[in-house]
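# the following comprises the amino acid sequence and a computationally predicted model.
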Amino acid sequence: MNVFEGGEGRHLEMSNGGTAVFVDVLTLAVSALAQEPWHFRFAALLTLQDQNVMGRGMVGFGLAELDWGDTPQEQAASKGFLLRVLDLALSRHRWEELTYEPPRVEGYLRTYRAMVEEFDPTTARAGAGVLPGPDEAALASCVRHRVLDALPFWEACVFCTAGLI
């Protein structure tokens, strides 16, 4: 099982298939919205949730493990961005391009959005090192799929590694 942790013991546990769909729809959304350095770092973290590369049942992260920023303003901006990504994914942004119907992902997204909404970034553990650093940010795009890809980690996007879209 893949686990994405929130605060105060809340977590979202998903099967391998559920996780793959969750990452797919978040990748579509984050690629449309990323503009700031933290956005591209979070996009890189999503690329590291690609089970086709990392292994089945081997992905997930906790909100408390992320570097949300040094100031309250940076933390609020990072949290706001993640909420916008989730809202865009919930609007079914580019889902018509998927080669499958994601039946359970809306529930996963709603659960995760509630976890992010409730999470207090000031409680994050500084230095947990889960969020890729600025030099590892996902700045390259997959031309074929029009999403941010996994460079500098590997030369493919989540859709390329899965053979989707």
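Thanks, I have the structure now.

# for the helix or strand of the chain with the lowest mean pLDDT, packing partners?
Least confident helix or strand, the chain: helix 51-54 with a mean of 75, by mean pLDDT, DSSP states H and E. Contact partners of helix 51-54 among helices and strands, from 3 or more CB pairs under 8 Å, 6 or more residues apart in numbering; DSSP states H and E: helix 16-33, helix 158-162. All C-beta atoms are positioned from the backbone trio N, CA, C, and that covers glycine.

# quick one: buried residues of the longest one?
For helix 16-33, burial by neighbour count (16 or more other CB atoms under 10 Å) applies to 18-33.

# what's the following helix or strand after it?
For helix 16-33, the following helix or strand on the C-terminal side (DSSP states H and E) is helix 37-47.

# so what secondary structure elements neighbour that following helix?
Counting by 3+ CB pairs under 8 Å, 6+ apart, helix 37-47 packs on helix 16-33, helix 72-90, strand 147-148.

# check the offset of the first one from the chain's centre.
Think helix 16-33. Computed by CA atoms, centre = their mean, to the nearest Å, the chain-centroid distance of helix 16-33 equals 7 Å.

# which elements pack onto that helix?
Against helix 16-33 (3+ CB pairs under 8 Å, 6+ apart) you get strand 2-5, helix 37-47, helix 51-54, helix 72-90, helix 105-118, strand 147-148, helix 158-162.

# so for the protein, the centremost residue is which one?
Geometric centre of the chain, nearest residue: Leu46, 3.9 Å, by CA atoms, centre = their mean.

# distance of it relative to Trp95?
Counting by CB to CB, to the nearest Å, the gap from Leu46 to Trp95 is 16 Å.

# could you export stretch 18-26 as PDB, CA atoms only?
The C-alpha coordinates for stretch 18-26 follow below in PDB (Å, rounded to 0.1, in the frame of the first residue of the first chain):
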ATOM      1  CA  GLY A  18      -5.400   4.000  -7.100                       C
ATOM      2  CA  THR A  19      -2.000   5.700  -6.500                       C
ATOM      3  CA  ALA A  20      -1.200   5.600 -10.200                       C
ATOM      4  CA  VAL A  21      -4.400   7.400 -11.000                       C
ATOM      5  CA  PHE A  22      -4.000   9.900  -8.200                       C
ATOM      6  CA  VAL A  23      -0.500  10.800  -9.400                       C
ATOM      7  CA  ASP A  24      -1.700  11.000 -13.100                       C
ATOM      8  CA  VAL A  25      -4.400  13.500 -12.400                       C
ATOM      9  CA  LEU A  26      -2.200  15.500 -10.000                       C
END
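
# I'd like the average pLDDT over it.
Averaging pLDDT along stretch 18-26 yields 94.
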